[in-house]
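**Q** the sequence isn't on hand, but the structure is:
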């Protein structure tokens with residue numbers, strides 16, 4: 001996804017949480033842990049930096065990125081701008 005800060009990689013299920021990618025942790029229920037770790041490496045090659053990778057299920061996305069309006073705070077995040085945290 002191309003944005004004003006450059007391409008952003010929406011990791012979806014390839015990385016559920018920031019901690020998985022940042023600490024190379026594997027979700028507890030996987031078929032092949034080595035494949036998951038290879039997937040993390042692939043995400044990193046697709047993104048300009050780890051700040052350009054958005055995990056698929058982390059509620060922390062809503063803290064790291066601003067909402068488009070105060071009415072949407074905690075519900076929607078703008079991924080096209082730099083993270084605030």
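**A** Everything's here; your move. Because the structure is a prediction, the values reported are computed rather than measured.

**Q** how many neighbours does residue 61 have?
**A** Using other C-beta atoms under 10 Å, residue 61 has 16 other residues around it. Quick note: C-beta positions are derived from backbone N, CA and C, even for glycine.

**Q** separation between it and residue 35?
**A** 24 Å (C-beta to C-beta, to the nearest Å).

**Q** residues in contact with the longest helix along the chain?
**A** Using DSSP state H, we find that the single longest helix of the chain is helix 33-46. With C-beta atoms under 8 Å, 6 or more residues apart in numbering as the test, helix 33-46 has contacts from 7, 9, 11, 14-15, 20-21, 24, 26-27, 30, 50, 53.

**Q** mind listing what's buried along that helix?
**A** 36, 39-40, 43 (16 or more other C-beta atoms under 10 Å).

**Q** return the member of these nearest to residue 70.
**A** Using C-beta to C-beta, residue 43 comes nearest to residue 70 of the buried residues of helix 33-46, at 31.5 Å.

**Q** and the closest one, how far from residue 75?
**A** 25 Å.

**Q** with residue 32 instead?
**A** 35 Å.

**Q** max pairwise distance over the contacts of helix 33-46: which two?
**A** Between any two of the contacts of helix 33-46 (C-beta to C-beta), the greatest distance is 26.6 Å, for 7 and 30.

**Q** in this structure, where is pLDDT below threshold?
**A** Scanning the chain for pLDDT under 70 picks out the ranges 1.

**Q** residues contacting the most far-flung residue of it relative to its centre?
**A** Most distant from the centre of the chain: residue 71, at 23.1 Å, with distances by C-alpha atoms, centre = their mean. Contacts for residue 71 (C-beta under 8 Å, 6+ apart) come out as none.
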